[in-house]
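Enquirer: Requesting a structural model of the entry that follows:
(chains A and B)
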There are 2 protein chains.
Amino acid sequence: MKRIMLVVAYEGTNYCGWQVQPNGVTIEGVLNEKLSELLGESILVTGASRTDSGVHSYGNVAVFDTDTRIPAEKIAYAVNQRLPEDIVVQRSLEVVSDFHPRHCNSKKTYEYRILNRKMPLPMLRRDTYFYHYPLDVSAMQQAADILVGEHDFKSFCSTATTAETTVRTIYSLDVTREGELITICVTGSGFLYNMVRIIAGTLIQIGAGIRKPEEIRAMLTACDRSAAGPTAPAHGLTMIGIEYENVENILKNC
Amino acid sequence: MKRIMLVVAYEGTNYCGWQVQPNGVTIEGVLNEKLSELLGESILVTGASRTDSGVHSYGNVAVFDTDTRIPAEKIAYAVNQRLPEDIVVQRSLEVVSDFHPRHCNSKKTYEYRILNRKMPLPMLRRDTYFYHYPLDVSAMQQAADILVGEHDFKSFCSTATTAETTVRTIYSLDVTREGELITICVTGSGFLYNMVRIIAGTLIQIGAGIRKPEEIRAMLTACDRSAAGPTAPAHGLTMIGIEYENVENILKNC
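Expert: This next block holds a predicted model:
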């Protein structure tokens, strides 16, 4: 028995999110099905980031156990032959048998992309949130700077959360503009339910001048979901990747 | 009666190209239908670039005549309410009554985008051509430089062409790499049937080392389609925009 780690890219548009559900097709469900077919065993993957419906990924992580003799690094190529074109395994490698993608210390990076112009662009409709009022990126960055560090992010968390603690650490939170595309890039120790989308929704309000950057402080101390801004639409969000601490202790035979 | 110019962006994935066809949905067909509905007249648009099935656009141009009292610049917003989300009119404006989008001197710009990495990325599958062998961008640029200028591009034209002359002028042809994305950006006086895709297919062969940059000269002089490389897939191609000469003589009331 060996444990395999997959790095998985997908377009979330046509899925009911990552996690297996009784109704609706999910990324996890499709991976389980296609890996089981390929390996001739019943495979159940465990994902690092259980992304919402409509959220995309360049590098989510999943692990599973298998008895296969297919070399670990070949599994990506083999399963891609079976996967639909909106899910592509980028890499497969063997990890130590006690590695868990959610219980190991890691830095997760997400991007929230906003198309800020007068008219929508068809080609970008699936992975950017179209917002046609002007946005002040420097005000958004001022607000973002206040969120960096360890805080209780209860105000920036869906009330549907089951998390034991709402304290999280944001390592960096950068708002940049390239022409008409604004990207909010956030790296943290982990994120609460809807946290990145609520941060994005709040920063958009600040960029639009509806709220002031310094109001972020009061939002944090309120520890109340209603203090922060709205949850920005899922399709603007992309999970970029996950960096594990002590990666040399995770990978096997490397 | 006034003549209206539309600047039209679309994702070509779900269309049988620009031009109305007996079978299959086309961009032109959808514009005719939705403009006719909106304006209560039978509208027939004339397009500048009759893009192939699967080709995208940020700024194709179409014109039509109408008796409507809707101000020219409002037509874009009004028709966008009726159009599917993969076609978005970016701008509408009144032009002089004898303006023809194909018979006026213009510079057209197209981009051919290549995703050059080991694994496909789902989010880019519709508007980049995935090519996993390494490509030498400087060899591609060397070859591209030879194509710039006025030439007989018969070798770079589908044999199905109906063009009277196969002489065209390329003003610029730049091959750039940003990370894993290679962009071939070409501006010309006009392009023959499949010309940009054949240039892209040929440059890819050169980038892959299958042919040498200087072979381009012999391809040009051959005036024979079989001398050049293959036609690269349509979905990597995007019509970027059209710049008309003497634009001040085209626009009305500006």
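
Enquirer: could you measure the residue lying farthest from the centre of chain A against B:Ala144, distance?
Expert: No residue in chain A sits farther from the centre than A:Arg69, which is 31.5 Å out by CA atoms, centre = their mean. Using CB to CB, to the nearest Å, A:Arg69 is found at 47 Å from B:Ala144. Glycine gets a C-beta too; all of them are placed from N, C-alpha and C.

Enquirer: Where does pLDDT dip in chain A?
Expert: A:253-254 (pLDDT under 70).

Enquirer: Quick check: residues of it near chain B?
Expert: A:9-11, A:56, A:58, A:76, A:80, A:85-91, A:119-123, A:125-127, A:238 (CB under 8 Å from any CB of the partner chain).

Enquirer: which SSE is the residue farthest from the centre of chain A in?
Expert: Using DSSP states H and E, A:Arg69 falls within no helix or strand.

Enquirer: which non-adjacent residue is nearest A:Met239?
Expert: The shortest distance from A:Met239 to any non-neighbouring residue, by CB to CB, 6 or more residues apart in numbering or on different chains, is to A:Ser57 (4.2 Å).

Enquirer: tell me the contacts of that neighbour?
Expert: The contact partners of A:Ser57, taken as CB atoms under 8 Å, 6 or more residues apart in numbering or on different chains, are A:Val8, A:Ala9, A:Tyr10, A:Gly12, A:Ile27, A:Ser49, A:Thr51, A:Thr238, A:Met239.

Enquirer: surely the fifth one meets A:Cys16?
Expert: No: the pair A:Ile27 and A:Cys16 fails to qualify as a contact (CB atoms under 8 Å) at a distance of 9.0 Å.

Enquirer: Quick check on the two: which one has the bigger neighbour count.
Expert: A:Ile27 (28 against 17; other CB atoms under 10 Å in any protein chain shown).

Enquirer: Specify the local secondary structure of the nearest residue to the more buried one once chain neighbours are set aside.
Expert: Nearest residue to A:Ile27 in three dimensions, chain neighbours excluded: A:Trp18, at 4.9 Å (CB to CB, 6+ apart). State at A:Trp18, reduced to three classes by DSSP: H, G, I helix; E, B strand; the rest coil: coil.

Enquirer: same question, A:Tyr110
Expert: strand.

Enquirer: In contact with it, which residues?
Expert: A:Tyr110 is in contact with A:Cys185, A:Val186, A:Phe191, A:Val196, A:Leu237, A:Thr238, A:Met239, A:Ile240, counting by CB under 8 Å, 6+ apart.

Enquirer: pretty sure the fourth one is in contact with A:Gly190, am I right?
Expert: No: counting by CB under 8 Å, A:Val196 sits too far from A:Gly190 to count as a contact (11.0 Å).

Enquirer: With neighbour numbers in mind, choose between these two.
Expert: A:Val196 (27 against 16).

Enquirer: Report whether the more buried one is found in a strand, as I expect.
Expert: No: according to three-state DSSP, A:Val196 belongs to no strand; its state is helix.

Enquirer: excluding its backbone neighbours, what's nearest it?
Expert: Nearest one to A:Val196, counting by CB to CB, 6+ apart, is A:Tyr110 at 4.7 Å.

Enquirer: For burial, what's the neighbour tally of A:His132?
Expert: 11.

Enquirer: again, but for the one 5 residues further on
Expert: The local packing count at A:Val137 equals 19, with neighbours defined by other CB under 10 Å.

Enquirer: Not counting its neighbours along the chain, what's nearest it?
Expert: A:Arg177 (4.7 Å).

Enquirer: Mind telling me what element the one you found is part of?
Expert: Using DSSP H and E, A:Arg177 maps to strand A:167-178.

Enquirer: Counting by contacts, list what that strand packs against.
Expert: For strand A:167-178, the packing partners by 3 or more CB pairs under 8 Å, 6 or more residues apart in numbering or on different chains; DSSP states H and E come out as helix A:137-147, strand A:149-152, strand A:181-188, helix A:195-207.

Enquirer: tell me the most buried of these?
Expert: helix A:195-207 (a mean of 25; mean count of other CB atoms under 10 Å in any protein chain shown).

Enquirer: follow-up on the earlier one: mind checking how far the strand holding A:Arg177 is from the chain centre?
Expert: 13 Å (CA atoms, centre = their mean, to the nearest Å).

Enquirer: what residues does that strand touch?
Expert: A:107, A:116, A:137, A:140-141, A:144-145, A:147-153, A:182-192, A:195, A:199, A:203, A:207.

Enquirer: Over to stretch A:237-253?
Expert: So stretch A:237-253 is in contact with A:2-3, A:5, A:7, A:48-49, A:51-52, A:54-61, A:93-96, A:99, A:101, A:104-113, A:127, A:185, A:196-197, A:200, A:254, B:123, going by CB under 8 Å, 6+ apart.

Enquirer: Would you indicate which residues of that stretch are buried?
Expert: A:Leu237, A:Thr238, A:Met239, A:Ile240, A:Gly241, A:Ile242, A:Tyr244, A:Ile250, A:Lys252 (16 or more other CB atoms under 10 Å in any protein chain shown).

Enquirer: That one: how far from the chain's middle?
Expert: Worked out by CA atoms, centre = their mean, stretch A:237-253 lies 14 Å from the chain centre.

Enquirer: is it true that A:Met5 touches A:Ser97?
Expert: No: the criterion here is CB under 8 Å, and A:Met5 misses it with A:Ser97 at 11.6 Å.

Enquirer: what about the helices in the stretch 1-150 of chain A?
Expert: Counting by DSSP state H, counting those that start in this stretch, the segments of the stretch 1-150 of chain A that form helices are A:27-39, A:75-80, A:137-147.
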